[in-house]
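Visitor: here is a sequence together with a model predicted from it:
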Amino acid sequence: MRKPTVDFSFRQEELLPLARLLQGHVARDLADFKALLPEEYGANFLPDYAARLAAAEKLVSSATTRAQGELITKRIKST
């Protein structure tokens, strides 16, 4: 099985803030989005998006976990 590849041109840490920004823009302009693509932006779009965003926010990247571990190690060594 192939390893999934990342297909975006920004840092991984920027993904959630961008997703939140997008959510705000879509919520603000939902009528325009529905007019453009009614099958995509139906009644469940924003609730589904919010649920997926919440699930993504619960995930912690391995780099973040590693950095937190290094911080704890430094604290332990300094005492």
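Guide: Thanks, I have the structure now.

Visitor: buried set for the one helix or strand residue 20 maps to?
Guide: Using DSSP states H and E, residue 20 sits in helix 15-28. For helix 15-28, the neighbour count (16 or more other CB atoms under 10 Å) marks no residue as buried. In this view, the C-beta of every residue, glycine as well, is placed from N, C-alpha and C.

Visitor: for residue 42, helix, strand, or coil?
Guide: Secondary structure, DSSP: H, G, I helix; E, B strand; the rest coil: residue 42 is coil.

Visitor: show me what contacts it?
Guide: Residues counted as contacts of residue 42 (CB atoms under 8 Å, 6 or more residues apart in numbering) are residue 34.

Visitor: any idea which residue is closest to the centre of the protein?
Guide: residue 16 (3.0 Å; CA atoms, centre = their mean).

Visitor: what sits against that one?
Guide: Residue 16 touches 53, 56-57, counting by CB under 8 Å, 6+ apart.

Visitor: low pLDDT regions in this structure?
Guide: For the chain, applying pLDDT under 70 flags the ranges 1, 4, 6, 60-62.

Visitor: looking at it, which helix is longest?
Guide: helix 62-78 (DSSP state H).

Visitor: need the contact partners of that one.
Guide: Residues contacting helix 62-78 (CB under 8 Å, 6+ apart): residue 12.

Visitor: tell me how far that helix lies from the chain's centre.
Guide: For helix 62-78, the distance from its own C-alpha centre to the chain's C-alpha centre is 23 Å (CA atoms, centre = their mean, to the nearest Å).

Visitor: thinking again about what came up before, go through the contacts of residue 16 and flag which are in helices.
Guide: Counting by DSSP H, the contacts of residue 16 contribute 53, 56-57 to helices.

Visitor: most neighbours among those, which one is it?
Guide: residue 53 (14 neighbours; other CB atoms under 10 Å).

Visitor: between the ones in helices among the contacts of residue 16, which is nearest residue 5?
Guide: Taking CB to CB as the measure, residue 5 lies nearest residue 56 of those, at 18.1 Å.
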